[in-house]
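1. Got a sequence here, can you build the structure:
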Amino acid sequence: MNDSLRYILRRVAEFVVSMAALAFVIFSLLYIAPGDPARSLVGTKHVTPELLAQIRAKYGLDDPFFVQFGNWISGALHGDFGESIRAGQPVLDYIAPHAAVTFQLVLLSLVLSVVFGVFFGIVSAKGRGKLRDSAINTVALVGTSAPSFAVGLFFLYVFALKCGWFPIYGIGDGGALDQLWHLALPAIALTFAVSALLVKITRSAMLLETEKDYSVFLRARAIAPLRITMAQLKNASAPVLTSTGLVLANLFGGTVLVESVFSIPGLGNLLASSVTFHDVPVVQFIALMLAFIVCFASAVVDIAVYLIDPTSRQRRRLYREVEATG
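-> Modelled structure (predicted):
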């Protein structure tokens, strides 16, 4: 078995173990919370002993804990996450339209974050010590410090309310272009903080590459600046790619509050209202889905970095040789 296949299998195994641990924690939250789990599952309905007995029978709450967890995992693997207490329909059907909105918002923000973050990170590194470097670093500092919901409120007030350039709330009732236009300002609000993080990571990685011998050699050979920059960016791609998992986590974390600011009917608003109404199956599914997305993205990025970056493979091979020799 070669090194690449061994690493991929190990990373997949780590992903499976992480998901199993997270699934256990998420399912356990229902029992860690104070009070009767059956009472939580009743939600806002009037509580009677008969209703509590029906809830316990329906969700198997009289079974041992690990039996309940096993049944939940078995149902999840078959696409059955139970029924929403508030809506009275399967969780997947209830969440699907909300998830579609959030995924569009996150995808749009991710594309904008990568494009602007990498571009301005390169510009900042190439202009080290100059005015543009200071200006980009100042804006990046503000972006990493300001909460996404505060940025969203500021953008909403200035660009939507005062200037009238963007819709104020919702996702519109028109076609795809109308929905994209409604999501543009929330996406920019999310992008502001996330791209600032990528600016700093890209700048640091590019500065390391500009000081290496091959960069000096390329400049001495009078190679075109764009070709030199592309070569440096390729070698600096490992930390940028690795940060993608962190970027996704920030985007999904920030979208909860940003969707509330812009009254977008996505997973963020649904999660907040489901917690308020004690819709436990919906909360469990959203938490598990977000955990899966972040863990999966992290695994894919790690594998991509290992396959793309030769220095990563060399370091890991060296570590194994050192461990083998004691």
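
2. pLDDT-wise, which helix or strand of the protein ranks last?
-> Lowest mean confidence among the helices and strands of the chain (mean pLDDT, DSSP states H and E): helix 310-324, at a mean of 51.

3. Which neighbouring elements make contact with the one helix or strand Leu257 maps to?
-> Under the criterion of DSSP states H and E, Leu257 resides in helix 237-261. Counting contacts by 3 or more C-beta pairs under 8 Å, 6 or more residues apart in numbering; DSSP states H and E, the secondary-structure elements packed against helix 237-261 are helix 91-126, helix 148-155, helix 176-210, helix 267-276, helix 280-308. Where you see a C-beta, it was placed from the backbone N, CA and C, and this is true even at glycine.

4. got the buried residues for the helix or strand harbouring Lys234?
-> Using DSSP H and E, Lys234 sits in helix 225-235. Of all the residues in helix 225-235, those buried under the rule 16 or more other C-beta atoms under 10 Å are 228-229, 232-233, 235.

5. Stretch 284-294 now?
-> By neighbour count, with 16+ other C-beta under 10 Å as the criterion, the buried positions of stretch 284-294 are 284-288, 290-291, 293-294.

6. How far off centre is stretch 138-148?
-> Computed by C-alpha atoms, centre = their mean, to the nearest Å, the separation of stretch 138-148 from the middle of its chain amounts to 18 Å.

7. cool, stretch 253-267 as well?
-> Stretch 253-267 has its average C-alpha position 14 Å from the chain's average C-alpha position, going by C-alpha atoms, centre = their mean.

8. And stretch 170-181, by the same measure?
-> For stretch 170-181, the distance between its averaged C-alpha position and the chain's averaged C-alpha position is 23 Å (C-alpha atoms, centre = their mean).

9. Could I get the contacting residues of the nearest residue to Gly121 once chain neighbours are set aside?
-> Counting by C-beta to C-beta, 6 or more residues apart in numbering, Gly121 lies nearest to Thr202, which is 2.6 Å off, once chain neighbours are set aside. Under the criterion of C-beta atoms under 8 Å, 6 or more residues apart in numbering, the contact list for Thr202 reads 117-118, 120-122, 125, 236, 240.
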